[in-house]
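Asks: Generate a structure from the sequence data that follows.
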Amino acid sequence: MLSILVFFLLVSPAFGATITADGCTPRALQDAINRASSGDRVEVPPCTYDGTWSTVQIPKSIVLVGAGGDATALRRSSGDRVMFSVQGTTGFQMSGFWLRGETADAQGCVDASQPGSKGRNGTDTGLLLTKATRYQVFKNRFCNFRYGVTVVGDPAQAEPGVIFQNFFENIVVYEPCCHGYGVEVRGESAWPTAVDWGSPAWVFIEDNRFDVIRHAIECNDGGKYVARRNTITRPTENAGALDAHNQHSWKRGCRAVDAYNNDVRTTETTFTGFHLRGGDASIHDNDFGKTAKPVVVDAVTHCGDPYPAFDQIRDAYIWDNTPAGVSNRCPANLLLGRDYYLTPRPHYTQFPYPHPLRTGENPPEPKPQPVTLTECTIMQVGERWHLTCIMESKP
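Replies: The predicted model follows:
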């Protein structure tokens, strides 16, 4: 009598479905996303689109993947100002796209550093993330936008996400003056009393490259960001390669920045390495190249207001940058030893690098799951034995 055989094998678990877009038009992209469910992977093949754009809406936690390099090339020549809009998702990922704004041309990116390019006007955004958490945006290329990526969300939310290994280039708008932000970080007018240095509750921007840009990163309206290990080449004159705005056109200024180990590579001396106009800051161990103004502290439109001015710098620590100078443009409001310090921040900690969310660049191997084979029968057919079992996978 033959007994039932029961044993275990290791197999890969089932993941979300993979959906392939039928092309690069905004409608084809939207149709593919509409067919997807949260957790699915939407792949866009090598293709090119250059024309009027309708915003691609992404209200689901999907993995959106282009073909990489310059293979999936999309240009917005007119139409809706935002190319991709992600709203309220958790775990969204985007990689492998080359996005070009309206001031680009059909052949590629327009070099905004060249004579004649300074008058070009741009009003568009490559990617808008609104109230999204745990996102990963990586290995994309953005050029000739007013804003490459804009992040909008409550600065107190637990874990916004990480933007890494992207290339932002020729993001400069001179008319109307003055825009051109690789990554723009905006809060929602909230202003947390305490700043949680070393926590995951920041927008993390790391290991990106920026070339020909007004501000590689800036923030407004209560935003918070960590900028680390980014490379910035050819920042434009009379602008901060890294920036934190004061209260001006938004209800609040930038709440806080944590910037370290960034590399600004230029021989120009007319730009500012970091222009800190408001909020709290830890700025250290950055290489600001040949600039004569490594860090500028400022109160801009609120300079001269009764102390403390609205959302002005009150707790900034600046240390171990190269060069080491700090220029104070508002001594009426900003006092060394009271509002800003040239020493390491006490009890300061950094969030782990690389960011733990960075699974997209090297996807983890699927965790093996047990499968039970039951009700097995064995029978002889000629000189061979055949084993037949019913397979039942365990959740």
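Asks: C-alpha from now on. contacts and neighbour counts both.
Replies: OK.
Asks: Check the gap between the most centrally placed residue in the chain and R338 for me.
Replies: Central residue of the chain (CA atoms, centre = their mean): I163, 2.8 Å from the mean position. Counting by CA to CA, to the nearest Å, the gap from I163 to R338 is 34 Å.
Asks: V63 touches F92, doesn't it?
Replies: Yes. Between V63 and F92 there is a contact at 5.9 Å, judged by CA atoms under 8 Å.
Asks: Run a quick neighbour tally on the closest residue to D339 other than its chain neighbours.
Replies: Excluding the flanking residues, the one nearest D339 by CA to CA, 6 or more residues apart in numbering is R314, at 4.3 Å. Neighbours of R314 under the rule other CA atoms under 10 Å: 19.
Asks: With A324 instead?
Replies: A324 has 18 nearby residues by other CA under 10 Å.
Asks: Would you agree it is in contact with V296?
Replies: No. Using CA under 8 Å, A324 makes no contact with V296, being 11.2 Å away.
Asks: got the contact list for the residue nearest to the centre of the chain?
Replies: Taking CA atoms under 8 Å, 6 or more residues apart in numbering as the criterion, I163 is in contact with Q136, V137, F138, V203, F204, I205, E206, N208.
Asks: Number of residues surrounding the fifth one?
Replies: This points to F204. 21.
Asks: Repeat that for the first one.
Replies: When neighbours are counted by other CA under 10 Å, Q136 registers 24.
Asks: Run through the bridge partners of it.
Replies: Under DSSP bridges, the beta-bridge partners of Q136 are Q93, V162.
Asks: How about the fifth one?
Replies: The residues paired with F204 through beta bridges, assigned by DSSP bridges, are V162, V226.
Asks: Does it touch V226 like I think?
Replies: Yes. Judged on CA under 8 Å, F204 makes contact with V226 at a distance of 4.8 Å.
Asks: quick revisit: in TSV: the contacts of I163, plus pLDDT and distance to C47.
Replies: TSV is the format used below for the contacts of I163 (pLDDT from 0 to 100; distance: CA to CA, whole Å):
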residue	pLDDT	distance to C47
Q136	98	23
V137	98	20
F138	98	19
V203	97	31
F204	98	30
I205	98	28
E206	98	28
N208	98	25
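Asks: Now for D70: which residues touch it?
Replies: F97, W98.
Asks: follow-up on the earlier one: what about the residue nearest to D339, is that helix, strand or coil?
Replies: coil (DSSP: H, G, I helix; E, B strand; the rest coil).
Asks: Just confirm N34 is within a helix.
Replies: Yes. N34 sits within a helix when classified using three-state DSSP.
Asks: What's the separation between it and D40?
Replies: N34 is 11 Å from D40, by CA to CA.
Asks: the more surrounded of those two?
Replies: Neighbour tally, N34 and D40, criterion other CA under 10 Å: the higher count belongs to D40, 19 against 13.
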